[in-house]
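Enquirer: Okay, here's the prediction I keep looking at, along with the sequence it came from:
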Protein chains: 2
Amino acid sequence: MYVSHLSCPKCSKTYESEALIQLCECGSPLLVEYDLEKVASVLSKEMLKDRKPDLWRYLELLPVKNKNNIINLGEGMTPLLHLKRLGKEIGLENLYLKDEGIIPTGTFKARGAAVGVSRAKELGVEVLAMPTNGNAGAAWAVYCAAAGIKSVIVMPEDAPPIPRGECAISGSELYLVKGLISDAGKIVAQAVADYGWYDASTLKEPYRIEGKKTMGLELAEQFNWEVPDVIIYPTGGGVGIIGIYKGLKELQQMGWIGDKMPRLVSVQSTGCAPIVEAWEQKKTESVFWENAQTLAFGITVPKALGDFLVLDAIYKTDGCAVAVDDDQILTAEEMLASREGTFVCPEGAANLSAALKLQDEGWIKADEKVVLLNTGSGLKYPETVQVEPPVLEKGSQLPAD
Amino acid sequence: MYVSHLSCPKCSKTYESEALIQLCECGSPLLVEYDLEKVASVLSKEMLKDRKPDLWRYLELLPVKNKNNIINLGEGMTPLLHLKRLGKEIGLENLYLKDEGIIPTGTFKARGAAVGVSRAKELGVEVLAMPTNGNAGAAWAVYCAAAGIKSVIVMPEDAPPIPRGECAISGSELYLVKGLISDAGKIVAQAVADYGWYDASTLKEPYRIEGKKTMGLELAEQFNWEVPDVIIYPTGGGVGIIGIYKGLKELQQMGWIGDKMPRLVSVQSTGCAPIVEAWEQKKTESVFWENAQTLAFGITVPKALGDFLVLDAIYKTDGCAVAVDDDQILTAEEMLASREGTFVCPEGAANLSAALKLQDEGWIKADEKVVLLNTGSGLKYPETVQVEPPVLEKGSQLPAD
C-alpha cells in the first residue's frame, strides 16, 4: 500500500492512516494521501493491460494493504459510450456517457462501498451505520454482507423502494425515517455517539472518496490518457466530483496525464440546489436548502459536508454549476433511452438537461468532448416511467405497422 | 467477417448467411458456422489484451460484417466471482458465480440482443416482433432503439413489471397478453405472417445464440483458457446453454482450449420442468408442460423450440438436468446476498439450489470447479424480497447492537 497519511483540506492537519478515524478535529472530511512518486515508479500504464476490468486495477492508488481484505463484486471499468445518434441530433458530436448503471447494485455507489468496506474490514470495523437516500445504503449493505460487517442503514421513508430490498436480503438492519437524509443523519450520529459504531456517512470516513475517484482514473484510461473537455456530474453529497478531481490530480502528479483538466460541472435539481446557489454567488460554502424536493432523489441533499471541496473543484477547473427541473429530467431520460438505448436514472438524465442548457448558453462548444456521468441504472427507478400497454386476449391480432 | 454459412442441426441443410432468414425449411433453428481455421490464423489470445472488456472483443467469432452496424451499450465481460465465504460454508471451495446482472438491461438477454439487433440492422430489418417473458423483450427493445429499428413486444400480463418500463421508455410498441409466453408467441407468429415483420422469437433467427455463446468464450478466457468442471444454468428457452456449448466447441476447434468440456447442468423449476422430464426419460425432445408456474418467471417456458439442442449439449457433456422449487430458490437468493453480497434474480438463485442438490447426491465433488451462471440482477425482481422496516420519527434513537 502506498498511502502515506491522511490530511485535512481545511486546516492542513495530518493523521496517520492506520488508525480508525472519521473527521478531522476541525470537523472537515479527511483526504487520503499517497506516495505518488513511488506509485509512478512501480506502476506503468502497460501493466494495466494484464489486469481485470474492475477498479482494483488501480490497486497502487487505493487504500488497501492486504489483498485478502478486498471485497470485489466486479465493480468498475464501466462502459464509456459515444452517443452518436443523440449527439448528432443535438449538435454535440463528441458526446459521451459513462454508464455507472452497469455495476454491482446498479449505481456508482458500489465504488465507494467496495473501497470503503474493504478498508473498514482491514481496520477491524465490526458494525457501521449510515444515513442514505437509498443507493449508497444498499451498496454498503451488500458489501458489508460480503465482508461480514454488520450494517445499520437509515433512509427517508420517501426514498425509492428498491434499495430497501437490497438492504433486507443482504441482512442489513434497516430503518426508515419520516424526513430527509439530513434527519437520517442526525439519528445515525446519535447512535454512533452512543454505541461507538463506525460512521460511514458521506465523507465522515476518508475511504469512500478513494472508490469514487476511480471514475476519474477510468475516464483517463478510456480516453487513452487524454482527459475530455467537460465532465457533467449530478451532485448530492458531491463525493463523485470530489473523487474525480482528486483522481485526475493524482494522475497529473504521476505524469500520466498532462496539465489539462476537464471543466467539472455540478448538476442539481431546481428543487434542491445549494451548490448551484453558492456557485452563482461565488461562495466557497453552501447554505442548507429548505424544503428540498425533486424526483431525482439521489441528489436531494440540502447541505453537503464536502460542499467546499465540490466548489473548489468547480472553481479550479473553470467549471460551473447548473440546476435543472424535474420535467427537463424526464424529457432527457426519454431522449437517452429512445435514441441510444440507455435507460438511466433521473440523476443521470439531469446531466443531459444540463448539457443542453450549457450548449444553449454557449458554455459548451459543438466540437468539445463532453462526458455525461450517469450515476445509475433506470432499473432502480421504475416509477419514473409511465406505461399502460394494451392487454390482449389469447389469439388476438396485432394492428399493422 | 468469418461466417461461412448457416446450417441446420436437424436436417443438415445449409443456407448462405447474407439472406434474411428465420428457421430451416424443416422447422429447426439454424446455427451460424464460421471458417474457424481462418479465425485461428488471424486472432490470438494475446490480441485480446488490447481490446475493450465487452463481448465484441471476440469480433472474429461474431456475425457482423461492418463495425458501424454494431450497437454496443457495454455488454459483456461480466464479473466472475469466487464465492469463498459461501463455498466454504457449504463445502464447495471452488464455487464461482458469473454475474450477468452487471450488464446493460440487468440480464444476460443483452448479449443476444446486442448481436441479434446489430446483425438485423446489417441485414436491413426495419420492424421486428417477439414474444418474451420480459427481460429478452426489454433488451431487444433498447438495442432496437439504438439501432433505429421498430420493435413490437408481447409479454404475459403476469410477467414482472420492470421490463415494461424499459420497453416503453425506449419507444417500443408493447402489448400484454392474458396467458403465457407460448400465447404471446402465437400472436407474434400471426403478425409476422400477416405483415412480413422480422421474427425475433427465441431461436427463430440464428444470431441471438451468437451473442449468448460469448458467455462461454468469456468463461474460458476468465479461467485462463481452462474450462471449469461444471456450469449450472437456468433453462427457459435454452439459448444460453446452447450458446455456451457452441462457443466452447468453437474454441476447441481453434485449439484455444483442450478436449475437456464442462458438464452442463440445466436447471428448471418444479413448476415448469419439461427439459428435466425429458432428460430423466433419456429423451431427445421435451413435451409441452401444462399449467406452468414458478416465481422464476424467466424460465417459465412450457416447450422450447431448441429443446433438442439443450438436451444434446447435456448428453454430450455428461451433464444433467435438475428441478428445484420456489422455496429453495428464495432460500438460495437470500444465501447469496447475505454471504456474498450478490443480489441475484430467482433464475440465478435456482443454480445454487441445484448445486446443493447435486452436491448432496454426490454428482458434484467437493473440489470441483463449479460455475453458477446468474442470468440477471435481483434489482429487476424487487417483489421477491419481503421487507417492512421500522419507520422512525425525526430525532428517534436506534436500539443498541
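Expert: Yes, it's here.

Enquirer: for chain B, what are the nearby residues on the stretch 1-150 of chain A?
Expert: Contact residues, the stretch 1-150 of chain A versus chain B (C-beta under 8 Å from any C-beta of the partner chain): A:49-50, A:53-54, A:71-74, A:77-81, A:85, A:99, A:101-106, A:127, A:129, A:142-148, A:150. Every residue, glycine included, has its C-beta placed from N, CA and C.

Enquirer: Now, these that are in strands?
Expert: A:Leu80, A:Leu81, A:Asp99, A:Val127, A:Ala129, A:Lys150 (DSSP state E).

Enquirer: Would you state the helices of the stretch 151-300 of chain A in chain order?
Expert: If DSSP state H, counting those that start in this stretch is used as the criterion, the helices of the stretch 151-300 of chain A fall at A:162-169, A:181-195, A:208-212, A:214-222, A:239-253, A:274-280.

Enquirer: just checking, what packs against the second one?
Expert: Spelled out, that is helix A:181-195. When contacts are defined as 3 or more C-beta pairs under 8 Å, 6 or more residues apart in numbering or on different chains; DSSP states H and E, helix A:181-195 packs onto strand A:127-131, strand A:150-156, strand A:173-177, strand A:198-199.

Enquirer: okay if I get the ones you listed as a markdown table plus mean neighbour count and distance to B:Ala354?
Expert: A markdown table is the format used below for the helices and strands packed on helix A:181-195 (neighbours: other C-beta atoms under 10 Å in any protein chain shown; distance: least, C-beta to C-beta, whole Å):
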| stretch | mean neighbour count | distance to B:Ala354 |
| --- | --- | --- |
| strand A:127-131 | 25 | 35 |
| strand A:150-156 | 25 | 30 |
| strand A:173-177 | 23 | 30 |
| strand A:198-199 | 20 | 38 |
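
Enquirer: mind putting those strands in JSON lines, mean pLDDT included?
Expert: Below are these laid out as JSON lines (pLDDT from 0 to 100):
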{"stretch": "strand A:127-131", "mean pLDDT": "98"}
{"stretch": "strand A:150-156", "mean pLDDT": "98"}
{"stretch": "strand A:173-177", "mean pLDDT": "98"}
{"stretch": "strand A:198-199", "mean pLDDT": "98"}
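
Enquirer: Switch those over to JSON lines; also include distance to A:Arg119.
Expert: As requested, those are arranged in JSON lines below (distance: least, C-beta to C-beta, whole Å):
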{"stretch": "strand A:127-131", "distance to A:Arg119": "11"}
{"stretch": "strand A:150-156", "distance to A:Arg119": "15"}
{"stretch": "strand A:173-177", "distance to A:Arg119": "21"}
{"stretch": "strand A:198-199", "distance to A:Arg119": "11"}
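
Enquirer: Please identify which pair of the ones in strands among the residues of the stretch 1-150 of chain A next to chain B lies farthest apart.
Expert: Based on C-beta to C-beta, the longest span within those runs between A:Leu81 and A:Val127 and measures 39.4 Å.

Enquirer: The residues of the stretch 1-150 of chain A next to chain B, buried ones only, as a PyMOL selection?
Expert: Command for PyMOL that selects the buried part of the residues of the stretch 1-150 of chain A next to chain B, burial taken from 16 or more other C-beta atoms under 10 Å in any protein chain shown:
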select buried, chain A and resi 53+54+71+72+73+74+77+78+79+80+81+85+99+101+102+103+104+105+106+127+129+142+143+144+145+146+147+150
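
Enquirer: Against chain B, how distant is A:Tyr175?
Expert: With distances taken as C-beta to the nearest C-beta, to the nearest Å, A:Tyr175 is found 5 Å from chain B.

Enquirer: Setting aside sequence neighbours, what's the nearest residue to that residue?
Expert: Spatial nearest neighbour of A:Tyr175, chain neighbours left out: A:Val154 (4.7 Å); criterion: C-beta to C-beta, 6 or more residues apart in numbering or on different chains.

Enquirer: so what's that neighbour up against?
Expert: Going by C-beta atoms under 8 Å, 6 or more residues apart in numbering or on different chains, A:Val154 touches A:129-132, A:137, A:174-177, A:184, A:187-188, B:392, B:398.
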